[in-house]
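# pasted the sequence and its predicted model underneath.
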Amino acid sequence: MPHSSSTAPSPDTLAALRDRLATAPNGVLEAVATETGVSLLAVTECLPDGLRAFAPGETAEAAMLDMAEWGTVTVLVHSADLVLECKGPLPRGQFGRGFYNLAGGSSIGGHIRLDRCRTVGFVRRPFMGSADSASVVFFNGDGEAMFKVFVGRDDARQLLPDQVERFEALKARLCGAPRQTA
């Protein structure tokens, strides 16, 4: 599924993606990337302006530290063979031995090559026809998602309002003025 390309998508491909996502922004973006032969980042950049914003990869640690204060979130890793979701509080991490290490008291743990993050994306859009979703996506240099952190939901499957506020505040702090895209 991850598609890595050393060439940039053509202007026609990007225009077609923008048109498609303007009318149907709620599908699985990884599937769109695979279908069109472009990176997930390129697809995400083609979402309508109000649905996405971007910050430089250097802000990844700040994003992780902020999200560690949000409470229960869903961490998602999507590959050609797996969509893995883990729910729990995101632990505070720290750098050591080349990794950003997550540890301590949560069902979420691991070791992330956070230095490989080139772009932090903030995506808030409808998903699969109904539910609102909000995620922070960590993109690597190939334009593929390293992982995503989704705002938590209540028992009625609605986004948690306090986390939505934190998501919007973090986006405003890290993204500043909207970044121009292709």
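Looks like it came in fine. Residues are numbered from 1 along each chain as shown.

# endpoint to endpoint, stretch 12-32 covers what distance?
15 Å (C-alpha to C-alpha, to the nearest Å).

# so what's the gap between that stretch and the chain middle?
With C-alpha atoms, centre = their mean, to the nearest Å as the basis, stretch 12-32 stands 16 Å off its chain's centre.

# quick thing: my sequence starts at 323, can you match it?
I'll keep to 323 as the first residue from here, and by that count the last item is stretch 334-354.

# contacts for that stretch?
323, 331, 358, 360, 362, 364-366, 368-370, 373, 400, 447-451, 467, 504 (C-beta atoms under 8 Å, 6 or more residues apart in numbering). C-beta: built from backbone N, CA, C; applies to glycine.

# distance of the nearest residue to Asp388 once chain neighbours are set aside from Val350?
Nearest non-adjacent residue to Asp388, counting by C-beta to C-beta, 6 or more residues apart in numbering: Leu492, 5.0 Å away. Per C-beta to C-beta, to the nearest Å, Leu492 is found 24 Å from Val350.

# which one's more surrounded, those two?
Leu492 (20 against 13; other C-beta atoms under 10 Å).

# residues contacting that one?
Contacts of Leu492 by C-beta under 8 Å, 6+ apart are 385, 388-389, 444, 458.

# redo the residues you listed as a markdown table? Include neighbour count.
Formatted as a markdown table, those follow (neighbours: other C-beta atoms under 10 Å):
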| residue | neighbour count |
| --- | --- |
| Ala385 | 22 |
| Asp388 | 18 |
| Met389 | 21 |
| Phe444 | 22 |
| Val458 | 24 |
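
# Gly498: which of these is nearest?
Phe444 (11.9 Å; C-beta to C-beta).

# hang on, that closest one packs against Thr381?
No: with contact defined as C-beta atoms under 8 Å, Phe444 does not count as touching Thr381 (10.7 Å).
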